[in-house]
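Chemist: can you look at this prediction? I've put the sequence above it.
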Amino acid sequence: MPGMARNSEKKTGPLVSVLIPTFNRSAYLSAALASALRQTYINIEVIVVNDGGRDVSDVVNSFEDRRVIFINRSQNRGKAFSLNEALTRAGGKYVAYLDDDDLYYPRHIETLVDALENQTDCQVAYSDFYKVCCRVSQDGTRQVLSKVLEVSRDFDRFFMLYFNHVLHVCLMHCRDLLEKTGPYNENLNVLIDWDISRRLVFFSDFHHVPEITGEYYSPIGRCDRISVLQRENESEYLRNVLTIRTTRPPKPWSRIKDASIIIDADHLDGQAGRTIGAIWRYTFFPYKLYLPLPCTDSGRLNTDMPNIVLVPVNPLSAQAQRIDAALEACDGEYVGIVQAGFPVKDFWIENSLYALINSSGSRDGFELEGSTDALWAAVFRKADLQYARNGFPGLPLRQSLEAAGIVLRRSSLEEIPFRFDRLLQQAQSATKNGSFTEAARIFEYLADHYQNKLWMKALAAKAFFEAGDYTRADRLTGEVNRQRPTVDTLLLEALLCREKKKFIPAIELLKKAEYILEGNELLWT
């Protein structure tokens with residue numbers, strides 16, 4: 001803490017800007033700031049922004065470190081505003097984030113800088129953090145109850161579009177990426193971390209470093225985190241989610257192709273309106289919605305939904321003519337055609353779109369789940385759809401597709417997204433129901449066939465242990481602990497040693513787990 005000697009080990013490299021927004025957490029800020037300043041990588045600047053909370057000048061000034069930039073604002077403007085304000089002062093090649101109640105371990109910055117400079121072409125990298133479950137007393141002190149590596153997940157762009165799987169505190173990115181993504185959205189009051197991470201994936205992959213380089217705190221019972229409290233208002237939470245999902249950074253996008261969705265309707269009626277609203281609510285892949293409608297109908301459209309493009313057509317236009325007019329306006333690489341009234345729900349277009357994106361067929365098209373002759377819906381590559389319509393303009397839409405050799409089919413189970421997550425949910429459900437052998441086999445299958453190997457092996461080892469299969473549990477736990485021991489895996493291996501009456505190794509493993517649990521990793525030597 002203040003007054004401790006600075007680590008004398010010199011680390012040269014690009015400047016890193018660490019942003020710490022704070023609001024009424026002076027009891028924790030000192031430890032968080034100390035963990036940032038005591039990095040083995042010393043070429044950093046730490047920008048602390050007091051977001052109108054209690055004055056923390058005494059905490060910040062006590063460090064007497066010229067690398068600290070302090071913005072002491074009296075007005076509360078929110079975390080997004082604070083981060084944008086800090087970014088105006090940030091001069092680093094890279095940007096990292098630290099909440100005022102979390103902690104970096106000493107090699108956090110060094111680990112991520114090394115990854116970005118030497119291990120990958122990605123412009124974003126992230127590590128793993130312990131989730132620290134704690135009990136908070138009335139005076140604000142925290143009693144640590146457990147440290148759990150809850151998630152250790154490799155990067156999945158499609159999943160990031162749907163849900164945030166990278167904690168902001170784990171993340172470091174190139175500063176100049178924000179010139180492409182734009183700043184933090186100050187109209188959001190929750191999920192602002194996901195919003196910026198989601199925009200980053202339009203321009204870069206994320207490099208996962210499976211090392212534990214810090215910890216974030218999770219109080220047992222009532223949580224005082226603003227981001228958690230603000231989720232309790234369901235309508236406001238949904239507003240934030242829809243805002244994030246429909247945010248489109250300026251093109252060109254180097255890592256994502258765009259989707260155009262055409263709604264086919266004779267006129268604007270209640271059924272078409274409900275379809276439009278459902279698409280807004282459930283679609284998470286980046287898209288624009290194209291409505292080929294007569295001018296009299298488009299003038300009656302009353303919605304706050306963004307990314308709508310009105311395409312004027314003759315009221316007497318046939319379906320193919322409406323589609324042709326909309327297709328001319330589309331700027332996405334993929335095109336979905338949906339009839340008004342089509343049943344829109346979770347993954348309604350994404351399952352088929354994901355299959356199309358990963359299809360090796362030169363002229364594949366995918367019908368959406370729920371598509372019928374009466375309510376037909378499908379997705380195509382725009383180039384294929386244009387070929388069919390330009391080559392056979394006199395034919396109805398579906399006949400032109402057949403004439404152009406576009407093969408329409410439905411996606412198989414193996415082709416849809418989130419196969420890993422669906423299996424993970426099955427394994428977690430099996431664990432909850434006490435079917436530990438089934439769960440262990442699924443976890444082991446996931447480890448062998450997907451990414452996230454250490455995480456899955458640790459879960460498989462625990463499930464095998466609960467099933468009484470100590471041999472498999474011992475093998476998997478040993479594999480994990482040789483690469484990345486955690487509190488959980490050390491305790492499990494200790495239990496297995498005790499079962500084999502190897503008490504001395506068990507005691508050593510328990511000591512290592514206790515060492516981590518009590519925070520001795522944070523001792524500065």
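Modeler: Structure received.
Chemist: and what about Glu45, helix, strand or coil?
Modeler: For Glu45, the assignment made with DSSP: H, G, I helix; E, B strand; the rest coil gives strand.
Chemist: contact partners for Gln386?
Modeler: Residues near Gln386 by CB atoms under 8 Å, 6 or more residues apart in numbering: Leu327. Where C-beta positions appear, they are placed from N, C-alpha and C, glycine not excepted.
Chemist: quick check: what element follows the helix or strand hosting it along the chain?
Modeler: Applying DSSP states H and E as the criterion places Gln386 in helix 382-391. From helix 382-391 onward toward the C-terminus, using DSSP H and E, the following helix or strand is helix 397-403.
Chemist: what pairs with the helix or strand just after that following helix, and is each one parallel or antiparallel?
Modeler: Remark: after helix 397-403, the chain's next helix or strand is strand 407-410, criterion DSSP H and E. Using DSSP bridges, the strands paired with strand 407-410 are strand 364-367 (parallel).
Chemist: CA atoms only for the strand it pairs with - export them in PDB, please.
Modeler: Coordinates of each C-alpha in strand 364-367 appear next as PDB, following Å, rounded to 0.1, in the frame of the first residue of the first chain:
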ATOM      1  CA  ASP A 364     -26.300 -22.500 -50.500                       C
ATOM      2  CA  GLY A 365     -29.400 -20.900 -49.100                       C
ATOM      3  CA  PHE A 366     -30.900 -21.700 -45.700                       C
ATOM      4  CA  GLU A 367     -34.600 -21.800 -44.800                       C
END
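Chemist: remind me what the helix or strand where Leu29 lies packs against, helices and strands.
Modeler: For Leu29, the host element (DSSP H and E) is helix 26-37. If contacts are counted by 3 or more CB pairs under 8 Å, 6 or more residues apart in numbering; DSSP states H and E, helix 26-37 sits against strand 16-22, strand 44-51, helix 57-61, strand 103-104.
Chemist: and the contacts of the longest one?
Modeler: By that I understand strand 44-51. So strand 44-51 is contacted by 15-23, 29, 33, 36-37, 56, 60, 65, 67-73, 76-79, 81-83, 85-86, 89-92, 109 (CB under 8 Å, 6+ apart).
Chemist: got the angle between it and strand 16-22?
Modeler: With axes from the mean of the first three to the mean of the last three CA atoms, to 10 degrees defining the directions, strand 44-51 sits at 20 degrees from strand 16-22.
Chemist: ok now strand 44-51, how far from the chain's centre?
Modeler: 24 Å (CA atoms, centre = their mean, to the nearest Å).
Chemist: what lines up beside it in the sheet?
Modeler: strand 16-22 (parallel), strand 68-73 (parallel).
Chemist: ok and that strand relative to helix 26-37, angle-wise?
Modeler: Relative orientation of strand 44-51 versus helix 26-37 (the same axes, to 10 degrees): 160 degrees.
Chemist: for the first one, same thing?
Modeler: For the pair strand 16-22 and helix 26-37, the angle between their directions (the same axes, to 10 degrees) equals 180 degrees.
Chemist: tell me the buried residues in strand 16-22?
Modeler: 16-22 (16 or more other CB atoms under 10 Å).
Chemist: contact partners of it?
Modeler: If you take CB under 8 Å, 6+ apart as the criterion, strand 16-22 is touched by 29, 32-33, 36, 41, 43-51, 53, 56, 79, 82-83, 86-87, 90-100, 109, 113, 172, 175.
Chemist: mean confidence for that strand?
Modeler: Averaged over strand 16-22, pLDDT sits at 98.
Chemist: how far out from the middle of the chain is it?
Modeler: 20 Å.
Chemist: equivalent analysis for the last one, please.
Modeler: Distance of strand 103-104 from its chain centroid, counting by CA atoms, centre = their mean, is 20 Å.
Chemist: does anything pack onto it? Which helices or strands?
Modeler: Taking 3+ CB pairs under 8 Å, 6+ apart as the contact cut, strand 103-104 packs with helix 26-37, strand 206-219.
Chemist: related to what we said a few turns ago, how about the helix holding Leu29, which residues are buried there?
Modeler: 26, 28-37.
Chemist: and that helix, average pLDDT?
Modeler: pLDDT averaged over helix 26-37 gives 94.
Chemist: one more: stretch 243-255?
Modeler: 97.
Chemist: show me the helices in the stretch 151-300 of the chain, by range?
Modeler: 157-162, 178-181, 192-200, 226-229, 234-245, 270-282, 295-298 (DSSP state H, counting those that start in this stretch).
Chemist: for Ala458, find the nearest of the ones you listed.
Modeler: Closest approach to Ala458 among the helices of the stretch 151-300 of the chain (CB to CB): helix 157-162, 20.1 Å.
Chemist: roughly how far is the closest one from the heart of the chain?
Modeler: On the basis of CA atoms, centre = their mean, helix 157-162 sits 6 Å off its chain's mean C-alpha point.
Chemist: so what's the residue count around Gly92?
Modeler: Counted with other CB atoms under 10 Å, residues neighbouring Gly92 total 19.
Chemist: give me the phi and psi for it.
Modeler: phi -80, psi 160 (degrees, to the nearest 10).
Chemist: just the pLDDT for it.
Modeler: pLDDT for Gly92: 97.
Chemist: for it, what are its contacts?
Modeler: Shown in contact with Gly92 (CB under 8 Å, 6+ apart): 14-17, 44-45, 175.
Chemist: hey, what's the residue nearest to it when sequence neighbours are not counted bridged with?
Modeler: Once flanking residues are discounted, Gly92 sits nearest to Ser17: 3.5 Å by CB to CB, 6 or more residues apart in numbering. When bridges are called by DSSP bridges, Ser17 pairs up with Glu45, Val95.
Chemist: what pLDDT does Lys11 get?
Modeler: 54.
Chemist: and what of Ser360?
Modeler: At Ser360, pLDDT is 87.
Chemist: mind checking the SS state of it?
Modeler: coil.
Chemist: now do stretch 374-394: distance to the chain's middle.
Modeler: That offset, for stretch 374-394, works out to 33 Å (CA atoms, centre = their mean).
Chemist: burial check on the residue nearest to Asn72 when sequence neighbours are not counted, number of neighbours?
Modeler: Spatial nearest neighbour of Asn72, chain neighbours left out: Asn50 (4.9 Å); criterion: CB to CB, 6+ apart. Applying other CB under 10 Å, we find 26 residues neighbouring Asn50.
Chemist: any idea how far Gly78 is from Asn50?
Modeler: Going from Asn50 to Gly78 by CB to CB, to the nearest Å gives 13 Å.
Chemist: again, but for Ala461
Modeler: From Ala461 to Gly78 the distance is 42 Å (CB to CB).
Chemist: now swap in Tyr515 and tell me
Modeler: 39 Å.
Chemist: the more surrounded of these two?
Modeler: Gly78 (19 against 14).
Chemist: settle this for me: the more buried one is touching Val190, isn't it.
Modeler: No. The pair Gly78 and Val190 does not pass the contact test of CB atoms under 8 Å, sitting 10.2 Å apart.
Chemist: before we move on, the earlier item: now the two most distant members of the buried residues of helix 26-37.
Modeler: Ser26 and Leu37 (16.7 Å).
Chemist: I'm done for today, thanks for sticking with me.
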